[in-house]
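# heads up, no residue letters with this:
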């Protein structure tokens with residue numbers, strides 16, 4: 001069955017870095033654009049970054065542009081989110097998702113990122 005499993009979250013100080021990973025299985029990974037979303041307590045889920053199926057294009061939310069980098073390894077069925085210069089407002093549950101025709105169709109369970117001193 002389809003699985004998306006995130007890892008790499010944790011507690012980090014402001015200005016720190018984390019690298020999130022998402023392992024995909026059960027579908028033809030290299031045919032799907034992939035996304036990272038996040039949801040903070042009391043807030044709506046936010047699309048943070050996306051990457052095309054063959055990694056030819058990426059997009060970022062304005063709030064993370066210049067600090068986060070999305071990448072993928074189709075040979076390993078993995079997608080990553082490198083997060084630098086983390087801020088307290090980046091605290092959220094981070095999800096990876098597989099996109100089909102412009103909407104997420106598969107979701108992971110999420111990994112918690114907490115930015116605090």
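Received the coordinates, thanks. These figures come from a predicted structure and were not determined experimentally. Residues are numbered from 1 along each chain as shown.
# next one, pLDDT for the most centrally placed residue in the chain please.
The chain has residue 36 as the residue nearest its centroid, 2.8 Å off, counting by C-alpha atoms, centre = their mean. Looking at residue 36, its pLDDT is 98.
# now do residue 57
On pLDDT, residue 57 comes in at 95.
# and it, how far is that from residue 12?
Using C-beta to C-beta, to the nearest Å, residue 57 is found at 28 Å from residue 12. To be clear about C-beta, it is placed using only N, CA and C from the backbone, and glycine gets the same treatment.
# cool, and residue 2?
Separation of residue 2 from residue 12 (C-beta to C-beta): 30 Å.
# quick one, strands of this protein?
According to DSSP state E, the chain carries its strands in the segments 3-7, 10-12, 18-25, 34-39, 46-51, 58-60, 68-73, 78-83, 92-100, 103-107, 111-115.
# tell me which of residue 2 and residue 12 has more neighbours.
Shown here are residue 2 and residue 12; by other C-beta atoms under 10 Å, residue 12 has more neighbours (18 against 11).
# okay but that one is in contact with residue 112, surely?
No. Counting by C-beta atoms under 8 Å, residue 12 does not reach residue 112; the two are 11.2 Å apart.
# list the buried ones in stretch 109-117?
110, 111, 113, 115 (16 or more other C-beta atoms under 10 Å).
# now distance to residue 92 too, for those residues, in TSV please.
TSV is the format used below for the buried residues of stretch 109-117 (distance: C-beta to C-beta, whole Å):
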residue	distance to residue 92
110	9
111	10
113	6
115	9
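# pLDDT added to those, as a markdown table?
A markdown table is the format used below for those (pLDDT from 0 to 100):
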| residue | pLDDT |
| --- | --- |
| 110 | 97 |
| 111 | 98 |
| 113 | 98 |
| 115 | 98 |
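# circling back to that earlier point, quick check, the residue nearest to the centre of the chain in contact with residue 20.
Yes. With contact defined as C-beta under 8 Å, residue 36 reaches residue 20; the gap is 7.1 Å.
# overlap of the contact sets of the two?
81, 94, 96 (C-beta atoms under 8 Å, 6 or more residues apart in numbering).
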